[in-house]
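Trainee: Here is my input; please provide its structure:
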Amino acid sequence: MKIARNSLVTTVCAFAAAIAGVLIGRLALVDAPAGETNLHEVLHHDLDLDAGQTARIELIEKQFAQEQAVYHREMAEDNRRLAAAIQAERGYGPKVAEAVDHSHHAMGMLQKRTLQHLFAMRAVLRPDQARRFDQAMVDALTPPEQ
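Mentor: Numbers count the residues shown, from 1 in each chain. Here you go, the predicted structure:
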């Protein structure tokens, strides 16, 4: 009886930890667009782009938006697989671990493609604009000290 109770407590704790991990991961992903918004604010409002730069950057952004949507769909599917694994195992077992590892691929690829997208836009800028854009990228990636 005591072993069954300990197993149940362990399972519930592991399940709660897994859910907490998913929620923390989602919160981390939700915070990312704020930095992206600041970068786009700098790019579109602070750098005084000329018409040619604006047109080239808009094309880069349009192409990236399509690719980004694919990664977001893949991450949503990864979340569904993770939820199914959590439901099946009710703890941090091999299926949950595998689902987490699998989800890291799409997240990593999206991060790489986002950086490539940013550097493609940077290539359109004049040196003085690029310096300001670089600082905005660093600021977006560096959390304020608390």
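
Trainee: mind checking which helix or strand Ala76 is in?
Mentor: In this structure, Ala76 sits in helix 51-89 according to DSSP states H and E.

Trainee: So which other helices or strands are in contact with the helix or strand that comes right after that helix?
Mentor: With elements assigned by DSSP H and E, the helix or strand that comes after helix 51-89 is helix 94-122. On a contact count with 3 or more Cβ pairs under 8 Å, 6 or more residues apart in numbering; DSSP states H and E, helix 94-122 meets helix 2-41, helix 51-89, helix 127-141. Any C-beta I mention is one placed from the backbone N, CA and C, and that applies to glycine too.

Trainee: what angle separates helix 94-122 from helix 127-141?
Mentor: 160 degrees (axes from the mean of the first three to the mean of the last three Cα atoms, to 10 degrees).

Trainee: just how off-centre is helix 94-122 within its chain?
Mentor: Remark: helix 94-122 is offset 7 Å from the chain centroid, using Cα atoms, centre = their mean, to the nearest Å.

Trainee: How about it, which residues are buried there?
Mentor: Residues of helix 94-122 classed as buried: 95-96, 99-100, 103, 106-107, 110, 114, 117-118, 120-121 (neighbour count, 16 or more other Cβ atoms under 10 Å).

Trainee: May I see the buried residues of stretch 65-72?
Mentor: Residues Tyr71 are the ones in stretch 65-72 that count as buried (16+ other Cβ under 10 Å).
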